[in-house]
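>>> Could you look at this predicted model? Sequence included:
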Amino acid sequence: MKISFHGADRDVTGSCHLVECGGRRILVDCGMYQGGRALEEENAEPFGFDPSRVDVVLLTHAHLDHCGRLPLLVARGFQGEVVTTSATRELSRLVMLDSAHVMEEDARRRARRKARKGKEGEEDGPLYTEVEALNAMDRFGRTARYGEPVSVVPGVRATFVDAGHILGSACILVELEEGEERRSILFSGDLGNPGRPLLRPPATPPKVDVVIMETTYGDRDHRDPAASAAELWEAVSAALVRGGNVVIPTFALERSQEILFDLRRGLDADKLPSLMQVYLDSPMAISATEIYRRHPECYGPDAAALMAGGKDPFGMPSLRFTRETAESKALNEIRSGAVILAGSGMCTGGRVRHHLKHNIWRSQSAVVFVGYAARGTLARRIIDGANPIRIFGEELPVRASIHTINGYSAHADRSELLAWHRSTGAGRTVLVHGEEEAMKAFGDALSDTEVLMPARGDVLEL
Ligand code: ZN
């Protein structure tokens, strides 16, 4: 019995861990490396194991850094079954197709650029195509329900435990049996931030021998999520009262639905003007919201109570979905009363840049950031106070009010990670999915457990 590490090792992306037991191979997650060209080029490298000899893939959740290399695994010979929760199955289809689409577009753009320079025929294709993403969907087999063990291969059982991170997310308990030997391993996946209204908090984990856990915020505590909704309502109301619009750059998955849910709550509680018009201007976020509507089994008590009372947790009379480009462009004509949610969250691409172009120079309007903004991105420059800013080659003065709300994190913070870890009672702790400093700080805070921080390719005998 052993486990080897093939991604998210002393790093936050590319989660991929291989468990071997009694001649069977089980892969937990098959994520993509993200963040900068050098790291992203590693996605095309060999996995570090033979995909055709993997029997089963268990997916913790649908974020790209956990499921994004799955189409590649299938293209390189994986013929086994992918087991995950029903919501993760639907969301990962959306995420993998979107990723393939973006990579195909990029590859076409690179090819055109090379053709202009007379270097035709040298183009490098996408990492995988939309067809290959669909092929990967054919490998999805049984779905798992929270708390109900699934016998994945002889000698290996998996139980999905609610991780409270995004819709359908799970920690996965893997129980191994080889002859007289028994071992239990718990993969944390990404752990959610409790106290958010849409999802349940992470479930209390089972007692295990070994825990493989994420450490994204291993060195930091968050602000109270309850305060975030109030900050959002205040920023939105003030701009609408001034006669402007509100632009909210947001990620398609989870954050968009969370913001819709909070806007709906604000309307119900009379914290927002009843005449506001809300636009979800992102085809991917619209599809994700439809998937959220289909999975009330994942909701926390607030959202579940609405659903039970026959109400749509994401529905408002004033909400419009703008899937088509023409509908999106029409929003440019609106001078006041609009709340526009559009991607990308860091303003590195997508429709949000058009909305910024039409609103950021207007003192009546507001821009509200609700997510992480990496260094070097347009979102980060605006947050850091750059003025003027450049969008589509045009220099624009920043006159809109700029807000940053920090409480909307989908990740557990340091105190929550420590409490979760204590409940596992694990004698061995493997830290993954974190920046090295956060990982070390977190490791130092653990007691009564052996702490390991593997490098890529390391093997741990169980
Ligand atoms: Zn995640």
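In hand now; what should we look at?

>>> In three-state terms, label the residue in the stretch 101-250 of the chain that the ion sits nearest to for me.
Residue nearest to the ion within the stretch 101-250 of the chain: residue 190 (3.6 Å; CB to the ion). Any C-beta I mention is one placed from the backbone N, CA and C, and that applies to glycine too. What DSSP: H, G, I helix; E, B strand; the rest coil gives for residue 190 is coil.

>>> can you pull the contacts of it?
60-61, 63, 66, 163, 165-166, 169, 214, 216, 410-411, 433 (CB atoms under 8 Å, 6 or more residues apart in numbering).

>>> Among those, which one sits closest to residue 101?
The nearest member of these to residue 101, counting by CB to CB, is residue 63 at 16.9 Å.

>>> Could you tell me how far that closest one is located from residue 3?
21 Å (CB to CB, to the nearest Å).

>>> Check residue 106 too.
Residue 106 is 34 Å from residue 3, where distance means CB to CB.

>>> more neighbours, these two?
A direct count of neighbours by other CB atoms under 10 Å for residue 106 and residue 3 places residue 3 higher, at 25 against 12.

>>> State whether the more buried one is indeed within a helix.
No - judged by three-state DSSP, residue 3 forms no part of a helix; its state is strand.

>>> residues in contact with residue 66?
By CB under 8 Å, 6+ apart, the contact set of residue 66 is 15, 29-31, 59-60, 189-190.

>>> for it, helix, strand, or coil?
Of the three states, residue 66 takes helix according to three-state DSSP.

>>> Just the pLDDT for it.
As predicted, residue 66 sits at a pLDDT of 97.

>>> Same question for residue 98.
What the model reports as pLDDT for residue 98 is 94.

>>> Around the ion, pick out the residues from the protein.
Residues of the chain lying near the ion by CB under 5 Å from the ion: 63, 190.

>>> and the longest strand for the chain?
Determined from DSSP state E, the single longest strand within the chain is strand 170-178.

>>> Can you give me the buried ones in it?
Across strand 170-178, burial judged by 16 or more other CB atoms under 10 Å covers 170-176, 178.

>>> Just the CA atoms of the helix or strand just after it, as PDB, please.
Per DSSP states H and E, the first helix or strand lying C-terminal to strand 170-178 is strand 181-187. Coordinates of each C-alpha in strand 181-187 appear next as PDB, following Å, rounded to 0.1, in the frame of the first residue of the first chain:
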ATOM      1  CA  GLU A 181      -3.500  -4.900   6.600                       C
ATOM      2  CA  ARG A 182      -6.000  -2.100   6.900                       C
ATOM      3  CA  ARG A 183      -5.400   1.600   6.300                       C
ATOM      4  CA  SER A 184      -7.600   4.700   6.200                       C
ATOM      5  CA  ILE A 185      -6.700   7.800   4.300                       C
ATOM      6  CA  LEU A 186      -8.600  11.100   4.200                       C
ATOM      7  CA  PHE A 187      -8.100  13.500   1.300                       C
END
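
>>> from the stretch 351-462 of the chain, which residue is nearest to the ion?
Closest approach between the stretch 351-462 of the chain and the ion, counting by CB to the ion: residue 410, at 6.6 Å.

>>> where in this protein is pLDDT low?
By pLDDT under 70, the low-scoring segments of the chain are 121-123.

>>> okay, now the domains of it?
Domain assignment for the chain by automatic domain parsing gives 2-220+410-461, 225-408.

>>> Endpoint to endpoint, the first one covers what distance?
In other words, domain 2-220+410-461. One end of domain 2-220+410-461 to the other measures 4 Å (CA to CA, to the nearest Å).

>>> Run a quick neighbour tally on residue 460.
17.

>>> And for it, nearest residue in space, chain neighbours not counted?
Nearest non-adjacent residue to residue 460, counting by CB to CB, 6 or more residues apart in numbering: residue 3, 5.0 Å away.

>>> Okay, and the beta partners of the one you found?
According to DSSP bridges, the residues that bridge with residue 3 are residue 19, residue 460.

>>> Relative to residue 274, how far out is it?
Separation of residue 3 from residue 274 (CB to CB): 55 Å.

>>> swap in residue 383?
Relative to residue 274, residue 383 is positioned 30 Å away (CB to CB).

>>> ok, these two, which is more surrounded?
Set residue 383 next to residue 274 and count neighbours by other CB under 10 Å: residue 383 wins out with 16 against 9.

>>> quick one: contacts for the nearest residue to residue 329 once chain neighbours are set aside?
Nearest residue to residue 329 in three dimensions, chain neighbours excluded: residue 354, at 7.6 Å (CB to CB, 6+ apart). Applying CB under 8 Å, 6+ apart to residue 354 gives the contacts 328-329, 332.

>>> Which parts of the stretch 201-350 of the chain are strands?
All strands of the stretch 201-350 of the chain, identified by DSSP state E, counting those that start in this stretch, fall at 210-214, 246-249, 277-280, 319-321, 338-342.

>>> most tightly surrounded among those strands?
Using mean count of other CB atoms under 10 Å, the stretch among these with the largest mean neighbour count is strand 246-249, at a mean of 29.
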